[in-house]
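[1] I would like the atomic coordinates for the input below:
(4 chains)
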2 protein chains.
Amino acid sequence: MPPRKTKENAGSSGRPATISDVARLAGVSVGTASKALNGRGSLRDETRRRVRSAADELGFQPNTAALTLNSGRTYTVGMITTDTIGRFSIPLMTGAEDSLGAGRMSVFLCDARDDPIREQYYLRTLLSRRVDGIIVTGRRTQARAPIGVDLPVPVVYAFISSTNPDDCSVVPDEAGGARKAVDHLLALGRRRIAHVTGPEHHHSAAVRASAAVDRLAASGLGLVGAPLFGEWSEAWGRQATGILLGADEEFDAVFCGSDQIARGVADALRAAGRRVPDDVALVGFDNWDVMALACQPPLTSIDMELEGLGRTAADLLLAAINGEPAPGRHVSPCRLVLRESTAVAVRPGPTRVERV
Amino acid sequence: MPPRKTKENAGSSGRPATISDVARLAGVSVGTASKALNGRGSLRDETRRRVRSAADELGFQPNTAALTLNSGRTYTVGMITTDTIGRFSIPLMTGAEDSLGAGRMSVFLCDARDDPIREQYYLRTLLSRRVDGIIVTGRRTQARAPIGVDLPVPVVYAFISSTNPDDCSVVPDEAGGARKAVDHLLALGRRRIAHVTGPEHHHSAAVRASAAVDRLAASGLGLVGAPLFGEWSEAWGRQATGILLGADEEFDAVFCGSDQIARGVADALRAAGRRVPDDVALVGFDNWDVMALACQPPLTSIDMELEGLGRTAADLLLAAINGEPAPGRHVSPCRLVLRESTAVAVRPGPTRVERV
DNA sequence: GAAAATCAGGAAACCGGTTGCCTTGAGAAC
DNA sequence: GTTCTCAAGGCAACCGGTTTCCTGATTTTC
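    The predicted structure follows:
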């Protein structure tokens, strides 16, 4: 049986050094040690140096719990993903973590997995840990019920938003993104644009579709057929392409509600002998590199800039913690990313050699 | 200018209730209140009830920092992803979070982004916060230098492993996974198997390739050609297929180092008029649903069971925290997931109707 | 009815820091 | 030489809990 590792036998770095250890080694009182390390009080330079070098020698790191007890601040925030951590949460989390880390705050990760009970459990846990603030994220942009009322700490919703307009939410401008996609296709001279997207009941699908329709209407145009609502999959993209090809109306562009759908459309068009972008230009949504780059040809897409959105959410949370709340919905713009699926055709062009 | 929200004006739920508040409301001392809430000491039932109802009324939640200061335990662990949070880290994190949450531990998320300086910064932060333990994860299974030596808390490496054999690491049995893939193809009667995978210098690519070669050798067979090392992309899968088709040797199966590569192979085979699985059976690696399900046909793949691996890592960490360390490399098995790319052909079969 | 045992709950130390206040001693001013 | 001033640093309260020890009251025992 291996010897148990206890506080006692763990060697020099076993038990973390406390400020008492530092004070003893430097030959001063704990109060003086604290002042020396924090640049407070009035002390001789020599004393400060002595304390500092004692702290270095012992590898002293102040116990965060003690600091918290004094200041009431934990320098900690909670991040709750209402649904499972996934493709959308990651850049959000990365961005938030970026901003918060710069402010020396640590992040508690909570994965609520679409379970309201779990969500409330995490909320209580975070409050019990006296986090300075909470970021709530999720996969859908649709507004959701506030996670709690009259909470003792500020809350910022990122990507999703709260139904309470007084809550602080940061959301991508999906409608604006859809308009950018349509404008881009119009600028290329395409006039017969179709739209294939996710389920009609999905907030993002509905918003993007109606923004696209409105933008075309503003130019005196209409969509080719009605928006094709289906699901967020390549298979649906392929199937929808079959529907489009079988209809009477010709089309020279497809704006898709996601990159996965767009990729399905690209594959189906190629299988049917239509060239992208020459015959049909294609724009996706999400700018998901895995899809957009592997697509043949690579996809032009709308990027929601989720990492920036996460950073914004974190910045707003930090501001709220510092007493400067910014309630309301904050909309952050999307970006059009150009690739070959809408490149101006270079004809007559040989088939491009595939990049390794 | 909106009124600043301060501790004073935040209403009943503004400042969190302390045990002193509870004690005062119940008309007892703080010590008694503590005993009542924790079932310690000897108190009248009526007193306990009175304290408990006072606590409920005030919504009392013990201040975690105070508990930490007493017990020395934080019920908190740190999770450091050495590289960016990504496709592999997520299931690991989810699994770990699952096990830890069940043990009422919270998780600090740290994204080191392949930056050793950032990594050490996070390590110091976590130690200063007196986490009870640390999980280190990363995208590559290759062994890495220990994150620190003689640390005061237990560390478990998940997915990646430490070069120090005394450290506790949990890694997937990639070689075993590769053998399962080969065995499966052999069981289908395929004898002319090719292998397309990632860069030769990548640990996973090398391990999987050599395990596949060895397994074939054990059956008196050899790979069709040498393993084709390239990159982890669909484009490489397509390009490698071109190489295979252009060579003299025939092949009736391809084992791929990733699902992305496999998908590229599938697309290129179809474009060349070879049927999957009838002419060529295909096995991927990772069981990444986005790729495996969207592939035409859906891909048979090897699943590394990362979520289970994360759970195992968390369980080992909890055990170590409780004084039962389990040093060394722990290998957890992979699972073969069957789909149509290796289905036994049903002939003569019409083209399958695509599922919506 | 007095001594002993038991019970209920209060007082205070403690965890590890920070900070306001007080003491000490040295040098300056007279 | 005495008082004043100020720098230097010690002391102790405090943050919010837990836990040990102790006191006072009640009950038990003979």
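[2] Distance check, the residue nearest to the spatial centre of chain A against B:Ile85.
    Note on chain A: the residue nearest the mean C-alpha position is A:Leu92, at 1.7 Å, using C-alpha atoms, centre = their mean. Look at A:Leu92 and B:Ile85: by C-beta to C-beta, to the nearest Å, they are 11 Å apart. C-beta: built from backbone N, CA, C; applies to glycine.
[3] ditto for A:Ser53
    Distance from A:Ser53 to B:Ile85, by C-beta to C-beta: 38 Å.
[4] re the thing from before, which residues sit in contact with the residue nearest to the centre of chain A?
    A:Leu92 makes contacts with A:137, A:158-159, A:306-307, A:309-310, A:313, as judged by C-beta atoms under 8 Å, 6 or more residues apart in numbering or on different chains.
[5] Now do the contacts for A:Ala145.
    Going by C-beta under 8 Å, 6+ apart, A:Ala145 touches A:162-163.
[6] and what of A:Asp111?
    Applying C-beta under 8 Å, 6+ apart, we find A:Asp111 in contact with A:81, A:84-85, B:93-94, B:97.
[7] how about the closest residue to DNA strand C within the stretch 201-350 of chain A, phi and psi?
    Residue nearest to DNA strand C within the stretch 201-350 of chain A (C-beta to the nearest atom of the strand): A:Asn322, separated by 16.9 Å. Dihedral pair for A:Asn322: phi -90, psi 20, per degrees, to the nearest 10.
[8] and it, how many residues sit next to it?
    Applying other C-beta atoms under 10 Å in any protein chain shown, we find 12 residues neighbouring A:Asn322.
[9] Neighbour count: A:Ser53 and B:Ile85, which is higher?
    B:Ile85 (26 against 13).
[10] Touching, the more buried one and A:Gly95? I think so.
    No - look at B:Ile85 against A:Gly95 with C-beta atoms under 8 Å: they stay out of range, at 11.1 Å.
[11] What does the one residue in the stretch 251-356 of chain A that gets nearest to DNA strand D show for phi and psi?
    Residue of the stretch 251-356 of chain A nearest DNA strand D, by C-beta to the nearest atom of the strand: A:Ile321 (17.6 Å). Main-chain dihedrals, A:Ile321, degrees, to the nearest 10: phi -60, psi -40.
[12] if I look at it, how far off is A:Val107?
    Using C-beta to C-beta, A:Ile321 is found at 14 Å from A:Val107.
[13] Ok, A:Tyr75 next?
    11 Å.
[14] could you say which helix or strand contains the residue lying closest to A:Gly41 once chain neighbours are set aside?
    Closest residue to A:Gly41 apart from its sequence neighbours, by C-beta to C-beta, 6 or more residues apart in numbering or on different chains: A:Lys35 at 3.5 Å. Per DSSP states H and E: A:Lys35 is located in helix A:30-38.
[15] Over to A:Gly41?
    Using DSSP H and E, A:Gly41 falls outside every helix and strand.
[16] From DNA strand C, how far out is it?
    Using C-beta to the nearest atom of the strand, to the nearest Å, A:Gly41 is found at 6 Å from DNA strand C.
[17] separation between that residue and A:Arg48?
    Relative to A:Arg48, and taking C-beta to C-beta, A:Gly41 is found at 10 Å.
[18] out of these two, which sits in the busier spot?
    Each of A:Gly41 and A:Arg48 has its neighbours counted (other C-beta under 10 Å); A:Arg48 has more, 18 against 12.
[19] How far off centre is stretch A:241-249?
    Taking the mean of its C-alpha atoms, stretch A:241-249 sits 36 Å from the chain's own mean (C-alpha atoms, centre = their mean, to the nearest Å).
[20] which residues make contact with that stretch from outside it?
    A:192, A:194, A:196, A:224-225, A:228, A:251, A:254, A:264-265, A:268-269, A:272, A:274.
[21] Put the alpha carbons of that stretch into PDB.
    Provided in PDB are the C-alpha atoms of stretch A:241-249 (Å, rounded to 0.1, in the frame of the first residue of the first chain):
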ATOM      1  CA  THR A 241     -32.000  21.300 -53.700                       C
ATOM      2  CA  GLY A 242     -34.000  18.600 -55.300                       C
ATOM      3  CA  ILE A 243     -37.100  20.500 -54.700                       C
ATOM      4  CA  LEU A 244     -35.600  23.700 -56.200                       C
ATOM      5  CA  LEU A 245     -34.300  21.800 -59.300                       C
ATOM      6  CA  GLY A 246     -37.700  20.200 -59.800                       C
ATOM      7  CA  ALA A 247     -39.600  23.400 -59.700                       C
ATOM      8  CA  ASP A 248     -40.300  25.600 -62.700                       C
ATOM      9  CA  GLU A 249     -38.500  28.700 -61.500                       C
END
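[22] Next, the buried residues of that stretch.
    Residues of stretch A:241-249 classed as buried under the neighbour-count rule (16 or more other C-beta atoms under 10 Å in any protein chain shown) are A:241, A:244.
[23] Report the mean per-residue pLDDT for that stretch.
    The pLDDT scores in stretch A:241-249 average 94.
[24] ok, now stretch A:73-92?
    For stretch A:73-92, the per-residue pLDDT averages 88.
[25] Same question for stretch A:50-67.
    Mean pLDDT, computed over stretch A:50-67, is 92.
[26] Quick check: phi and psi at A:Val182.
    Given degrees, to the nearest 10, the pair of backbone angles that A:Val182 has is phi -60, psi -50.
[27] and it, what does it touch?
    By C-beta under 8 Å, 6+ apart, the neighbours of A:Val182 are A:193, A:211-212, A:215-216, A:255.
[28] isn't there a strand covering A:Gly176?
    No - under DSSP: H, G, I helix; E, B strand; the rest coil, A:Gly176 sits outside any strand and is assigned helix.
[29] hang on, it packs against A:Cys334?
    Yes - contact criterion C-beta under 8 Å: A:Gly176 and A:Cys334 qualify, at 5.8 Å.
[30] Now do the closest residue to DNA strand D within chain A, the pLDDT please.
    The nearest approach of chain A to DNA strand D comes at A:Gly31, 2.6 Å away (C-beta to the nearest atom of the strand). With respect to pLDDT, A:Gly31 scores 92.
[31] before we move on, what about A:Val346?
    52.
[32] Compare the contacts of A:Asp111 and tell me which has the most neighbours.
    A:Thr81 (28 neighbours).
[33] re earlier: farthest pair within the contacts of A:Val182?
    Greatest spatial distance in the contacts of A:Val182: A:Ile193 and A:Ala211, 13.0 Å, computed using C-beta to C-beta.
[34] neighbour-wise, which of these two wins?
    Neighbours were counted for A:Ile193 and for A:Ala211 using other C-beta under 10 Å; A:Ile193 has more, 24 against 20.
[35] quick one: the more buried one and A:Pro227 touch, right?
    No - using C-beta under 8 Å, A:Ile193 makes no contact with A:Pro227, being 10.7 Å away.
[36] returning to that earlier point: neighbours of the residue of the stretch 251-356 of chain A closest to DNA strand D, just the number please.
    19.
[37] Run through the residues that contact it.
    A:132-133, A:153-154.
[38] and of these, the nearest to chain B?
    A:Pro154 (8.0 Å; C-beta to the nearest C-beta).
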